[in-house]
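Undergrad: Could you look at this predicted model? Sequence included:
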Amino acid sequence: MKFYKISLGINYIDNANFNLLKSNNLISMGSGTLAKGQSKSTQYEAFLNAEKGDLFYICRSNESIELIGMFIDNRPLHSIIKAHEDEWVDREYITIADATNSKNYNKTLAKWWAPKDNSTFIEIPSHEFQLFEDEILIPAFDKKQNEIETLRKLELEKRKPTIEKYLKLQLFYDELSKNEISLFSKINSLNALELKKLYFEYNSKNNINSQPVVLLRSKIIEELINNKIIDNPTINLLKSQLEKDFDKNVYRAWTSNFRILYTLIFASDKFELEKFFNNLIKNIQKDLGITELTSKKLVHFDGAQNQGFNRIWFAIYNKTFKSQKIAKQLFFEIDSGLSYGLLDYANKSNTKLHFTDHFDYDHIIQIFKSHKDEILKDNSMEKAKVYELIDILSYKNQIILQGPPGTGKTRMAGIIAEVMVLNNQTILNQYETIKPDEKINISPAIIKSFFKIGDKFTGKSNKIFEIISLDNNTISVKSETSKPWSPSYNKIIKSYNEELFNVPGRTGGFKSYEDAIAKYLKDKITSDKSSLKTVIEDENGNTDFVQLVQFHPSYSYEDFVRGIVAKSDDKNNIKYSTEDKTLIKIANDALQNPNNNYVLIIDEINRANLPSVLGELIYALEYRGKEVNSIYEIEEDPRIELPNNLYIIGTMNTADRSVGHIDYAIRRRFAFVDVLPEIEPVHPEIKETFIKISKLFVKNFEGIVNPASIENAVTLASDFRAEDVWLGHSYFICKNEEGIDLEKADAEPILKMKMKYEVIPILKEYIKDGILNNNELVKKVMSELISEYGM
């Protein structure tokens, strides 16, 4: 807390204007007020930067002392005094104490913070509080410093935000986001003081005329200040007037009035909301003992992209991640109630959230503590690499992981594939065994698994409802008599768990929608709890979302795409028919299930003659969703298609010189990614050996290498690249099923076997084939390896 003096001199603000300011709980200062003494900031800047909760006393030059106030908003506004509008700024406050003896103070006190000094806005140093109390507080206010601080605390307590406030506020913004009547009603009811604060904020922005949405909002504020009503036609008119100065269609993506207007409503709550939740996060991190080990992400009504949002959430995650998106998270959300627990986007079956209407800090800590170790052990390096490759695969649809032997290309392909199809799976595995009398706590995944678009069911008063869309957050429902509505899963869960659909007279708003869904689920599950398991089995089915095939030199189009097969009947008569093979089978599965991802892994993709194997599908790889004609027909139909939800991952051993290079027509349809050796996964007992061998390929290798600056070692033949032949880390790994390095005694015999029967023979082949120069250094290293590991 800081304590300031502010002088509202009679020569600048007469009694009428002073009373005008006081009646509106405002203090004022001119923007030209200079610095005092050697201060680097002006008094005007200090006035703008004073924090909500800071105190000040007002003096009228050295004529009188009026009151002690406390700033209650960090946002300034252009002065309400007509003559000062352009050059002066006001701040809002609340009175803490009125002077009881306005002229009874030391008028000769020679301090910058005393009324006698010509300063305008000056902080009172804490070491001079006693002098301030003796010469001003007690004489003018009949109060001591501690009494003023007590009054301040009482006022702050009255204004202290609570989680209950934000639970209500979230419902309010949820309503605004879905109901334009409520949205326009709120925007048109903003008071004059709030509008002036908004006007100051937008008028102070730089380059506003080059920012179409910011400019539109500023014009809306001006309309409101001029007592104009804001509605949809008014906003559209303003858009049409403003877009003349921009490129065409600058407002094309801004059709939602909530996205445009929400920030004008949210401005008054934003500072306190961020402070409240940042403090909550800080306390959680402290109580869990993970402050130095974790990072946080808070998203509120601005949304992640500052385009409006109807929920509040935060995530706490391992600080080694650049973003929470790929990390396991301690997750907390306000969305028609509370949910908190572990959120794992990469593996939805690992997500465990608790839903409630009541905030219980101790229970949140208890839940978070149970997942603390998962957060701290979350491996960011491998995940970051996997998700980088997933981004590439999602963009290109097909990639090739290329690199020397032993770098884990096939393993990496499998991990990528697993993550790509994780969202296909339901998270209901915990319901595989259900007792007859067991209560079922439903989740968003259960709700989604029970419905599909077009489903109809009956609500109260026999009203018929129909599902028109489903997404990750809501179900959109319509009835024959009402407009469509999209209740959130949290609202449905609340109605289900508390059986709100049985509450008499519960008909306000759109509660009938969520109640109808909840009642349908309750009846369905109560009558047949085995239906939950049926849902799991139906959703998973027997479909293989990931398939692996290994190419070889004799692999053909007829093996991979479509071909003629001979079959004998019961009488041993041979019949010939056309059959789809691996690629088209998985492509057809993907076509029939457009909401699921499918992945085909092609191991050693460069070992086959790709133009011959792919045929006309070279075109289909690039133009997904477009049909091409196969040379073979099935039921007189030659058409085949590769859909967008089919992803292809190839692996390629760059050290294999027995196969040809991939031609340019194929190459430009794949993204090529180098997968190089790494020291991090190498077992500690053999790291020195790994470094010794790596130095045969990479110049000055010491463990960490920048792929962009790899130089060949002198022991590597000049017509080879280290990136293509350098032995990978897989030969030097020795871990248990949990991925933890084996103890030395258990690891040594395994590592010795790998060195003797895998690594040393490959190095000998490299020398024989001229990949490694058979010079003295190579001979020395080979001699040491054979001596240590045998041959």
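TA: That came through fine.
Undergrad: Identify the residues contacting stretch 774-791?
TA: Contact with stretch 774-791 is made by 689, 692-693, 696, 714-715, 752, 755-756, 759-760, 763-764, 767, 772, as judged by Cβ atoms under 8 Å, 6 or more residues apart in numbering. For glycine as for every other residue, the C-beta is placed from the backbone atoms N, C-alpha and C.
Undergrad: out of those, which are buried?
TA: Buried members of the contacts of stretch 774-791, counted by 16 or more other Cβ atoms under 10 Å: 689, 693, 696, 715, 755-756, 759-760, 763, 767, 772.
Undergrad: Now render those as JSON lines, adding secondary structure.
TA: What follows is these, written out as JSON lines (DSSP: H, G, I helix; E, B strand; the rest coil):
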{"residue": "Thr689", "secondary structure": "helix"}
{"residue": "Ile693", "secondary structure": "helix"}
{"residue": "Leu696", "secondary structure": "coil"}
{"residue": "Thr715", "secondary structure": "coil"}
{"residue": "Met755", "secondary structure": "helix"}
{"residue": "Lys756", "secondary structure": "helix"}
{"residue": "Val759", "secondary structure": "helix"}
{"residue": "Ile760", "secondary structure": "helix"}
{"residue": "Leu763", "secondary structure": "helix"}
{"residue": "Ile767", "secondary structure": "helix"}
{"residue": "Leu772", "secondary structure": "strand"}
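Undergrad: ok, which pair from the residues you listed is furthest apart?
TA: Greatest spacing in the buried ones among the contacts of stretch 774-791, by Cβ to Cβ: Thr715 and Lys756 (21.6 Å).
Undergrad: follow-up on the earlier one: take the buried ones among the contacts of stretch 774-791 and write them to a markdown table, including pLDDT and distance to Ile586.
TA: As requested, the buried ones among the contacts of stretch 774-791 are exported to a markdown table (pLDDT from 0 to 100; distance: Cβ to Cβ, whole Å):
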| residue | pLDDT | distance to Ile586 |
| --- | --- | --- |
| Thr689 | 91 | 42 |
| Ile693 | 91 | 39 |
| Leu696 | 91 | 41 |
| Thr715 | 91 | 44 |
| Met755 | 92 | 39 |
| Lys756 | 91 | 40 |
| Val759 | 91 | 36 |
| Ile760 | 91 | 40 |
| Leu763 | 92 | 39 |
| Ile767 | 92 | 42 |
| Leu772 | 91 | 41 |
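Undergrad: Closest to Asn645 out of those?
TA: Using Cβ to Cβ, these come closest to Asn645 at Val759, 40.7 Å.
Undergrad: isn't the closest one right next to Gly728, touching?
TA: No: counting by Cβ atoms under 8 Å, Val759 stays clear of Gly728, with 10.3 Å between them.
Undergrad: list the buried ones in stretch 131-141?
TA: Quick answer for stretch 131-141 (16+ other Cβ under 10 Å): 131-133, 135-141.
Undergrad: Equivalent analysis for stretch 569-576, please.
TA: Using 16+ other Cβ under 10 Å as the test for burial, stretch 569-576 gives no buried residues.
Undergrad: got the contact list for it?
TA: Residues outside stretch 569-576 that contact it (Cβ under 8 Å, 6+ apart) are 564-568.
Undergrad: try stretch 122-134
TA: So stretch 122-134 is contacted by 2-5, 36, 43, 46, 111-113, 144-145 (Cβ under 8 Å, 6+ apart).
Undergrad: any idea which of these is least confident?
TA: Ranked by pLDDT, these bottom out at Lys36 (86).
Undergrad: ok, now how distant is that residue from Leu48?
TA: Remark: distance between Lys36 and Leu48 (Cβ to Cβ, to the nearest Å) = 15 Å.
Undergrad: and if you look at Leu298?
TA: From Leu298 across to Leu48, the span is 25 Å (Cβ to Cβ).
Undergrad: Does Ile640 touch Leu617 like I think?
TA: Yes: counting by Cβ under 8 Å, Ile640 does reach Leu617; the two are 7.4 Å apart.
Undergrad: Identify the contacts common to the two.
TA: 561, 628.
Undergrad: Now do the same contact list for the residue most central in space within the chain.
TA: Nearest to the mean C-alpha position of the chain, by Cα atoms, centre = their mean, lies Lys325 at 4.7 Å. Neighbouring residues of Lys325 by Cβ under 8 Å, 6+ apart: 345, 387.
Undergrad: Can you verify it is assigned to a helix?
TA: Yes: assessed with three-state DSSP, Lys325 lies in a helix.
Undergrad: Got the confidence number for Lys692?
TA: For Lys692, the model assigns a pLDDT of 91.
Undergrad: Please name the nearest non-neighbouring residue to it.
TA: Distance criterion Cβ to Cβ, 6 or more residues apart in numbering; nearest residue to Lys692, sequence neighbours excluded, is Val781 at 6.1 Å.
Undergrad: before we move on, which element is the one you found in?
TA: According to DSSP states H and E, Val781 maps onto helix 776-789.
Undergrad: can you give me the offset of that helix from its chain's centre?
TA: Averaging C-alpha positions (Cα atoms, centre = their mean, to the nearest Å) puts helix 776-789 51 Å from its chain's average.
Undergrad: shift numbering so it begins at 320
TA: With the count now opening at 320, the last piece we talked about shows up as helix 1095-1108.
Undergrad: Now the element after the worst-scoring helix or strand of the chain on mean pLDDT, going C-ward?
TA: Least confident helix or strand of the chain, by mean pLDDT, DSSP states H and E, is helix 849-859 with a mean of 46. Under the assignment DSSP H and E, the closest C-terminal helix or strand after helix 849-859 is strand 865-869.
Undergrad: For whichever helix or strand comes after that following strand, list every residue counted as buried.
TA: The helix or strand immediately downstream of strand 865-869 is helix 876-879, counting by DSSP H and E. Within helix 876-879, the residues that count as buried by 16+ other Cβ under 10 Å are 876-879.
Undergrad: Output those as JSON lines; include the columns pLDDT and distance to Ile718.
TA: Below are these laid out as JSON lines (pLDDT from 0 to 100; distance: Cβ to Cβ, whole Å):
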{"residue": "Tyr876", "pLDDT": "88", "distance to Ile718": "22"}
{"residue": "Glu877", "pLDDT": "90", "distance to Ile718": "26"}
{"residue": "Asp878", "pLDDT": "89", "distance to Ile718": "22"}
{"residue": "Phe879", "pLDDT": "88", "distance to Ile718": "18"}
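Undergrad: Tell me the one among those nearest to Leu340.
TA: After measuring those against Leu340 - Cβ to Cβ - the closest member comes out as Phe879, at 81.8 Å.
Undergrad: right, and that closest one touches Lys904 too?
TA: No: the pair Phe879 / Lys904 is not scored as a contact, 10.5 Å apart, by Cβ under 8 Å.
Undergrad: For the helix or strand harbouring Lys1073, give me every contacting residue.
TA: Counting by DSSP H and E, the element that carries Lys1073 is helix 1063-1073. Outside helix 1063-1073, the residues within contact range by Cβ under 8 Å, 6+ apart are 1002, 1004-1005, 1050-1051, 1053, 1060-1061, 1108-1109.
Undergrad: Could you give the separation of stretch 344-351 from the chain centroid?
TA: For stretch 344-351, the distance to the chain centre is 41 Å (Cα atoms, centre = their mean).
Undergrad: Find the helix or strand that the residue nearest to Ile391 when sequence neighbours are not counted is a member of.
TA: In this structure, Ile391 finds its nearest non-sequential neighbour in Ile413, 5.2 Å apart by Cβ to Cβ, 6+ apart. Following DSSP H and E, one finds Ile413 within strand 407-417.
Undergrad: Parallel or antiparallel, which strands does that strand pair with?
TA: Here strand 407-417 has these sheet partners by DSSP bridges: strand 345-349 (antiparallel), strand 383-390 (antiparallel), strand 396-397 (antiparallel).
Undergrad: next structured bit after the first one?
TA: It stands for strand 345-349. Assigned by DSSP H and E, the successor of strand 345-349 is helix 362-368.
Undergrad: rewinding a little: tell me who's in contact with the residue nearest to Ile391.
TA: Ile413 neighbours (Cβ under 8 Å, 6+ apart): 344, 388-389, 391, 474.
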